[in-house]
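In: Okay, structure incoming, though there's no sequence with it:
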Ligand code: ASP
């Protein structure tokens, strides 16, 4: 059996939902369908999730959010009317949205999650009704009734391990097509909690793992995963046909927007292959993500790139002799709830790479003050504006010269490298550069490693 997930653009309008129904109906193995909230129908359009977040923000500011509610209801009403579904569905949208917005607010993060999860809930209810209406019996399954048990990290929740068994127990016996909302689940205390943004991919991977699906099909709006960001290299044509879980994880971590990086792990756990496909061109085979693939030594498989990082630079003479220095530094960050991404070290210095957005003021000044006082450092400062480029490929392992090759390309392109980090997996190398050089660097690497190569 197959678990299929359809992203926001695949359920953005009635026309798109009809394509989803055709795709699912064309293969009886497609038994479980996970959907996102309706996304953008055209450039400049709004995603329903963003509209719902605006509703929550308004209410938290003491406003009624009447205009925002009206827009959400209108969006679902247009989908309902075009699909010819019953009006009770839109009555439910209006009532449930108002109900959640007028609920008591003991915790703003939990309140926001309960509101923003509604995009997926409404989308799944509408899709289930549309399947049934077109002669394909389907049921909406609620995460609360089916065991999608999540941690209490609102907006950034994680699955509780016992959920796999619960989900399998409730979903496996269902005979109709299961339509399941992505992105959210429930805490033990019964509150709605969401995964990070884009988290419907994670829901799909969890269900595929729980049900030990033969494949997890992730339908989006591109024919396959490209080896480089097409916004930076628009001429990229050749997609990736096969990659490993580890390659996917490395690439999606550093900016490959096609698939959520946290969705890889559940698939790995149950060894379910992931197939990234296009709702608008279902005949295209897409990209297959597997445990193992044939590799060509030295071959770079993809280049991921991402802005928005910064370096927390800490130096102290004889740091190498001070047992526990790095642990104390990381303790301070952990204490202040700031996650770190990478930590290249020198003899007397450590650079901790952080995400800019998670290290804003006033936390930044406070943390720097603590490091200065508690660790007695010679120097500590934060420099934003770091971009990361990840060069990824299983074939790079044990191949001599890849790093030198990359460094040569960057140097000829006039790009200054601030940091190099090779993970112990040896399937990726990370290069830290200044943000304004990102496009030049990525284009130069693409031309070197991919152009005119089979
Ligand atoms: N609707 C959510 C978002 O926009 C989750 C998803 O689409 O995967 O982030």
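Out: Happy to help now that I have it. All values derive from a computational prediction rather than experimental measurement.
In: and the host helix or strand of residue 368, how far from the chain's centre?
Out: Using DSSP states H and E, residue 368 sits within helix 363-375. How far helix 363-375 lies from its chain's middle: 31 Å, per CA atoms, centre = their mean, to the nearest Å.
In: Likewise for stretch 47-59?
Out: Using CA atoms, centre = their mean, the offset of stretch 47-59 from its chain centre is 19 Å.
In: got it, and stretch 273-290?
Out: Worked out by CA atoms, centre = their mean, stretch 273-290 lies 17 Å from the chain centre.
In: quick one: average pLDDT of the helix holding residue 368?
Out: Here helix 363-375 scores 95 as its mean pLDDT.
In: which parts of it are buried?
Out: 364, 367, 368, 370, 371, 375 (16 or more other CB atoms under 10 Å). Just so you know, the C-beta spots here come from the backbone N, C-alpha and C atoms, and that holds for glycine as well.
In: Spell out which parts of this protein neighbour the ligand.
Out: Contact residues, the chain versus the ligand (CB under 6 Å from any ligand atom): 8, 36, 37, 47, 49, 119, 182, 183, 197, 198, 199, 200.
In: quick one: which of the residues you listed is nearest residue 138?
Out: residue 182 (15.8 Å; CB to CB).
In: tell me the contacts of the closest one?
Out: 5, 34, 35, 36, 120, 199, 200, 201, 202, 203, 204 (CB atoms under 8 Å, 6 or more residues apart in numbering).
In: thinking again about what came up before, for the buried residues of helix 363-375, give me TSV that also has distance to residue 229.
Out: As requested, the buried residues of helix 363-375 are exported to TSV (distance: CB to CB, whole Å):
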residue	distance to residue 229
364	28
367	31
368	33
370	37
371	34
375	38
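In: Quickly name whichever of those residues is closest to the ligand.
Out: residue 364 (26.6 Å; CB to the nearest ligand atom).
In: any idea how far that closest one lies from residue 419?
Out: Distance, residue 364 to residue 419, by CB to CB, to the nearest Å: 20 Å.
In: Stretch 345-356: how far from the chain's middle?
Out: Distance, centroid of stretch 345-356 to centroid of chain: 26 Å (CA atoms, centre = their mean).
In: Start and end of it, how far apart?
Out: 20 Å (CA to CA, to the nearest Å).
In: and the spatially most central residue of the chain, what is it in contact with?
Out: Centroid-nearest residue in the chain: residue 260, 2.8 Å away (criterion: CA atoms, centre = their mean). For residue 260, the contact set (CB under 8 Å, 6+ apart) comprises 195, 196, 198, 199, 201, 202, 252.
In: in this structure, which ranges drop under the pLDDT threshold?
Out: 255, 424, 452-454 (pLDDT under 70).
In: Show residues contacting the top helix by length along it.
Out: Longest helix of the chain, by residue count under DSSP state H: helix 66-83. Around helix 66-83, the neighbours that count as contacts under CB under 8 Å, 6+ apart are 13-15, 17-18, 38, 46, 48, 51-52, 54-55, 58, 86-87, 89-90, 93-94, 97-98, 101, 122, 126, 129-130, 133.
In: Name the residues of that helix that are buried.
Out: Buried, per 16+ other CB under 10 Å, within helix 66-83: 68, 69, 72, 73, 75, 76, 79, 80, 83.
In: do the same with stretch 18-27
Out: Those would be 19, 20, 21, 23, 24, for stretch 18-27 by 16+ other CB under 10 Å.
In: Show me the strands in the stretch 1-150 of the chain, by range?
Out: 2-6, 30-35, 138-140 (DSSP state E, counting those that start in this stretch).
In: chain center to the last one, what's the gap?
Out: Mean C-alpha position of strand 138-140 versus that of the full chain (CA atoms, centre = their mean) differs by 26 Å.
In: And for stretch 133-147?
Out: The answer for stretch 133-147 is 24 Å, by CA atoms, centre = their mean.
In: repeat for stretch 403-417
Out: With CA atoms, centre = their mean, you get 30 Å for stretch 403-417.
In: what's in contact with it?
Out: 391, 420, 422, 429, 431-434, 437, 440-441, 443-445, 448.
In: Just the buried ones out of these, please.
Out: 391, 422, 429, 431, 432, 433, 437, 441, 443, 444, 445, 448.
In: farthest-separated two in those residues?
Out: The farthest-apart pair in these, when distances are taken by CB to CB, is 422 and 443, at 22.7 Å.
In: related to what we said a few turns ago, please report how far the residue nearest to the centre of the chain lies from residue 198.
Out: 5 Å.
In: Ok, residue 119 next?
Out: 13 Å.
In: same check, this time on residue 374
Out: 37 Å.
In: Filter the buried residues of stretch 18-27 down to just the ones in helices.
Out: 19, 20, 21, 23, 24.
In: Tally up the residues packed near the closest residue in space to the fourth one that isn't next to it in sequence, please.
Out: Closest residue in space to residue 23, ignoring its immediate chain neighbours: residue 282 at 5.1 Å, by CB to CB, 6 or more residues apart in numbering. Neighbours of residue 282 under the rule other CB atoms under 10 Å: 17.
In: Contacts only, for residue 282.
Out: 19, 22, 23, 26, 219.
In: For the stretch 1-150 of the chain, which segments count as helices?
Out: Remark: helices assigned in the stretch 1-150 of the chain by DSSP state H, counting those that start in this stretch are 14-25, 48-60, 66-83, 88-101, 108-116, 118-133, 143-146.
In: now the fourth one and helix 118-133, what's the angle there?
Out: Between the direction of helix 88-101 and that of helix 118-133, the angle (axes from the mean of the first three to the mean of the last three CA atoms, to 10 degrees) works out to 160 degrees.
In: same check, this time on the second one
Out: Here the directions of helix 48-60 and helix 118-133 differ by 140 degrees (the same axes, to 10 degrees).
In: Now helix 48-60: buried residues?
Out: 48, 49, 51, 52, 53, 54, 55, 56, 58, 59.
In: Switch these over to a markdown table; also include distance to residue 306.
Out: Below are these laid out as a markdown table (distance: CB to CB, whole Å):
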| residue | distance to residue 306 |
| --- | --- |
| 48 | 26 |
| 49 | 21 |
| 51 | 26 |
| 52 | 26 |
| 53 | 23 |
| 54 | 26 |
| 55 | 30 |
| 56 | 27 |
| 58 | 31 |
| 59 | 33 |
